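A.B. asks: Quick one, structure for this:
(chains A and B)
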Number of protein chains: 2
Amino acid sequence: MQEFELIRSIFQSSIMAQTEGRSDILLGIGDDCAQVIVPEGQSLVFSMDTLVEGRHFPFDADPVDIGYRAVATCVSDLAAMGAKPAFFTLGLTLPESDPQWLAGFAEGMAELAEPIGLLLVGGDTTKGPLTITLQVHGYVERELTPRRSQAQVGDDIYVTGTLGDAAAAVPIVTGELHVTAERFDYFYEQYWRPSPRLIAGMALKRVVHSMMDISDGIGQDLQHITRASGVGARIDFNALPVSDMLANWQPDSARILALTGGDDYELCFTAPPSARDEIQLILQTLHLPCTRIGEITESGYAVDGYDGDTAGWQHF
Amino acid sequence: MQEFELIRSIFQSSIMAQTEGRSDILLGIGDDCAQVIVPEGQSLVFSMDTLVEGRHFPFDADPVDIGYRAVATCVSDLAAMGAKPAFFTLGLTLPESDPQWLAGFAEGMAELAEPIGLLLVGGDTTKGPLTITLQVHGYVERELTPRRSQAQVGDDIYVTGTLGDAAAAVPIVTGELHVTAERFDYFYEQYWRPSPRLIAGMALKRVVHSMMDISDGIGQDLQHITRASGVGARIDFNALPVSDMLANWQPDSARILALTGGDDYELCFTAPPSARDEIQLILQTLHLPCTRIGEITESGYAVDGYDGDTAGWQHF
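C.D. replies: Next comes the predicted model:
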């Protein structure tokens, strides 16, 4: 397959061309391996995500959207580590060689990758059912890396932004549900263009005890922190932040979607009560809403004000 | 999908458990990202390969073989950079959760990965048609990294081992061709258990001008070196090394398979004639056959003694 040549030519003007100005990247696409020098004092963090058509995104979606969202969801893991995005690799399995699809996909990837300095340095293309594997890499100081395992009893639990919009958007983006143009535009964007909280992650890493991104719903994901840290948690269901658009549209189920729905890619973090003022200052400076939703306890897992099931978000 | 939990439990006793003895790996599977400190003075090299069932390996193959070969073919790219294997990530798309298949696949991967110190540190599992994406990472001194682009006019061209066995093996491993038990055993092994030339790559990196691994056939792959280096090449068709097993079985087509067949994963490298003695000494010490098959010229691409097409190896 010559797709990688095509991708290369498409990226030549954007996220690949900049390789030359980067002292960390010694070799990009074109040799047996890519080669990188990690900047002094930094560690390398990386995350691999695989997205399958019909499972992680709808069939026949706009390739620009698919490309943007693939990078966004994977980069969100870098945000959770407080890392600076550096480079990525792409394993692309495609049913057929379609230059127009590839150009759109590349455009969507570049739209997010270029402004954050994330360069494409390698990968592979194969023929088969549409499957996208991305590995994104970033740099972060070893001693400042937030982990899931460092939550402490008494910590406040926070989330950035609002939750539930992406889950509410699913029947809209699959075409099962027809809504007003205003709602369509808003929720389509919320689903396809999540904003990885990179700046927030970098700013918060000095303050938090633990941090992760929310991909499967806060109700489920927070348990990764509690298990890894050997602690419990109590969430206030009515404190979960939801957007005005969602609250107006689905007043009865908005908070349930916020608790159990996935794909929002906001950050969840824990920090001691003594850090409240500093956290408020950081998030105000970034103009990013941030909500205290509960606290870390010694054991157990409680959602005050809700008596349903907290688990079970499946992407489709 | 809980497959990654299963893979983790399978690997707990082998290629994951050793993480604790490794000062370079700060975080493996279980957080938003894996985290690594590249050893001082070393660069990081990495390569991503995607393997699709029915395209890169036959349907319904033994999962142990699939696992071994997936690691072998990807690690071969590290050999070509003279790098020391360090860690890998795995993106696995599976049609269904099959613990027995996964256990076999993990066993095959560990069989090669464990003795070479290649640890599994992250990845993703999804549901879909069987597709395997591996990214392998290694360490190599920046100034000692062989590249495809450094071949010089007058260089000798060498290949390690013998060529053509894996291509000859394809109809045997797909079951299309029935052969004697002795032939079956030999060629089955040649196809499913290629030996990445890691030690050779590390030993040769100080001597060679350019190096790569042979995945699509020397006739095609050597042109990656000539193009990247802006030079030409002349190969002596009758110098191409073939195994006794292949020469005895297919005396008329053995060298054609050696020239055009892929999947052998031997190294091809170029070095100045002044290095002949040293190269001979290195390869003798490693008990690895090595053959001088031609030379780098100013331009053009000639295969003396052969008038067919040099290109066109497709895996299936």
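
A.B. asks: alpha carbons only for contacts and neighbour counts from here, please
C.D. replies: Fine.

A.B. asks: Start from the N-terminal end of chain A and give the strands.
C.D. replies: A:25-27, A:34-36, A:42-52, A:84-94, A:119-127, A:131-141, A:156-160, A:210-213, A:232-236, A:267-271, A:290-297, A:301-304 (DSSP state E).

A.B. asks: now these as a markdown table including distance to chain B?
C.D. replies: Shown next, in a markdown table, are the strands of chain A (distance: least, Cα to the nearest Cα, whole Å):
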| stretch | distance to chain B |
| --- | --- |
| strand A:25-27 | 9 |
| strand A:34-36 | 4 |
| strand A:42-52 | 4 |
| strand A:84-94 | 6 |
| strand A:119-127 | 5 |
| strand A:131-141 | 7 |
| strand A:156-160 | 16 |
| strand A:210-213 | 6 |
| strand A:232-236 | 18 |
| strand A:267-271 | 11 |
| strand A:290-297 | 18 |
| strand A:301-304 | 20 |
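
A.B. asks: measure the closest residue to A:Ser76 other than its chain neighbours to chain B for me?
C.D. replies: Leaving aside its sequence neighbours, A:Ser76 sits nearest to A:Pro196 (Cα to Cα, 6 or more residues apart in numbering or on different chains; 4.6 Å). Separation of A:Pro196 from chain B (Cα to the nearest Cα, to the nearest Å) stands at 13 Å.

A.B. asks: Let's see the pLDDT reported for A:Pro196.
C.D. replies: pLDDT, A:Pro196: 97.

A.B. asks: likewise A:Arg22?
C.D. replies: The model's pLDDT for A:Arg22 equals 86.

A.B. asks: quick one, phi/psi of it?
C.D. replies: phi -110, psi 120 (degrees, to the nearest 10).

A.B. asks: Distance-wise, check it relative to chain B.
C.D. replies: On the measure of Cα to the nearest Cα, A:Arg22 and chain B end up 15 Å apart.

A.B. asks: could I get the strands of chain A as JSON lines with mean neighbour count and mean pLDDT?
C.D. replies: Converted to JSON lines, the strands of chain A look like this (neighbours: other Cα atoms under 10 Å in any protein chain shown; pLDDT from 0 to 100):
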{"stretch": "strand A:25-27", "mean neighbour count": "19", "mean pLDDT": "91"}
{"stretch": "strand A:34-36", "mean neighbour count": "24", "mean pLDDT": "95"}
{"stretch": "strand A:42-52", "mean neighbour count": "24", "mean pLDDT": "96"}
{"stretch": "strand A:84-94", "mean neighbour count": "23", "mean pLDDT": "94"}
{"stretch": "strand A:119-127", "mean neighbour count": "24", "mean pLDDT": "89"}
{"stretch": "strand A:131-141", "mean neighbour count": "24", "mean pLDDT": "97"}
{"stretch": "strand A:156-160", "mean neighbour count": "24", "mean pLDDT": "98"}
{"stretch": "strand A:210-213", "mean neighbour count": "29", "mean pLDDT": "98"}
{"stretch": "strand A:232-236", "mean neighbour count": "21", "mean pLDDT": "97"}
{"stretch": "strand A:267-271", "mean neighbour count": "27", "mean pLDDT": "98"}
{"stretch": "strand A:290-297", "mean neighbour count": "20", "mean pLDDT": "98"}
{"stretch": "strand A:301-304", "mean neighbour count": "17", "mean pLDDT": "94"}
